[in-house]
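Student: mind folding the following:
(one chain, ligands or ions: 2)
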Amino acid sequence: MMSAKRSAQIAIAGIVAAFPLMPTAVSAASVEENAQICAGCHGENGVPQAKTTPIIWGQNEGYLYLQLRDYKSGARKNEQMSSVVAGLEKADFKALASHFAGLKWPSMNFPSPPKDVTKVALTAIGSVGCTSCHLDQFQGDGTTARLAGQQPEYLFDTMTAFRDGSRANNPGMSDLMKAVQPADLKSIAEYLASLQVVGGGQ
Ligand code: HEC
Ligand code: HEC
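Tutor: Residues are numbered from 1 along each chain as shown. Ligands and ions are numbered 1, 2, ... in the order given. Below is the predicted model:
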């Protein structure tokens, strides 16, 4: 006959086999552990490894939270980010948003573009009125993104994605981007990248 202990072990083994994720679900990872995953692409020191990966250190908290939520729901699509957020929940997103918003934006020192490029950018920005939402010097606030000092290649890609609808998590931004000439996007990206970040890195 089977001992009580042995049959209990078999029962537990059966439960674990039926719910293979149970042990990790019981002890959720800390924000520091989750942030280690992010460092693999967004950088150990806030400088992303790839030019098309956005800086998230020092980004506005509400904005960071909404993006993580949107990647999880599929409203914003990106293969790399979808697999990162697949195992995370709302509480993790809140903790990560607060964690990264509290870090110092890295100093990238993107150069100021030549005068003619700046002029194209300022004309487009003025006609749409981007600073009415992104605020003076493009620091943003709350759920509106900070654009100053962001990687120019990423800014160009994401504005293009808003424009062609492949980034569809904010229809208002897509409509605004359709009012901008595609030929002006590179100038806008270079101009925004060169702006100083208030409270940014050394
Ligand atoms: C495998 C690489 C990779 C990892 C790991 C990764 N990211 Fe990302 N992340 C990206 C890329 C690439 C983008 C740009 C995707 C796009 O264009 O939508 C991005 C975009 C984002 C954005 C949107 C930023 C913006 O300005 O709109 C946030 C927020 C973000 N990541 C947070 C995180 C957090 C938090 C983690 C860790 C839990 C993480 N990422 C891990 C590659 C990665
Ligand atoms: C009516 C308010 C409003 C106006 C005007 C506006 N934006 Fe935005 N913008 C937003 C909001 C809100 C977001 C965050 C969208 C989201 O949650 O995905 C955003 C996001 C962005 C992003 C994505 C940032 C990132 O890190 O991925 C870029 C780039 C951007 N805006 C550029 C511009 C430019 C350039 C203009 C002017 C041509 C402009 N915006 C005008 C509200 C606005």
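Student: who's in contact with residue 190?
Tutor: 110, 113, 117, 121, 152 (CB atoms under 8 Å, 6 or more residues apart in numbering). (C-beta placed from N, C-alpha, C; glycine too.)
Student: give me the element it is part of.
Tutor: Here residue 190 sits within helix 185-194, counting by DSSP states H and E.
Student: right, quick check: that helix against ligand 2, any contact?
Tutor: Yes: Helix 185-194 reaches ligand 2 (CB under 6 Å from any ligand atom) through residue 188.
Student: distance of residue 55 from residue 77?
Tutor: Per CB to CB, to the nearest Å, residue 55 is found 21 Å from residue 77.
Student: gap between the residue nearest to residue 82 when sequence neighbours are not counted and ligand 2?
Tutor: Of all residues not flanking residue 82 in the chain, residue 71 sits nearest, at 5.8 Å (CB to CB, 6 or more residues apart in numbering). To ligand 2, residue 71 is 10 Å away according to CB to the nearest ligand atom, to the nearest Å.
Student: how many neighbours does residue 71 have?
Tutor: Residues lying near residue 71 (other CB atoms under 10 Å) number 22.
Student: point out where this structure drops to low pLDDT.
Tutor: Counting by pLDDT under 70, the low-confidence segments of the chain come to 1-27, 201-202.
Student: domain assignment for it?
Tutor: Per the record, the chain has its domains at 28-101, 115-194, by automatic domain parsing.
Student: in CSV, list those domains along with distance to residue 200.
Tutor: Formatted as CSV, those follow (distance: least, CB to CB, whole Å):
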stretch, distance to residue 200
domain 28-101, 6
domain 115-194, 6
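Student: any idea which of these gets closest to ligand 1?
Tutor: Comparison of those against ligand 1 by CB to the nearest ligand atom identifies domain 28-101 as nearest, at 2.9 Å.
Student: got a list of what residue 127 touches?
Tutor: Neighbour list for residue 127: residue 179 [criterion: CB under 8 Å, 6+ apart].
Student: that's all I had, so thanks and see you.
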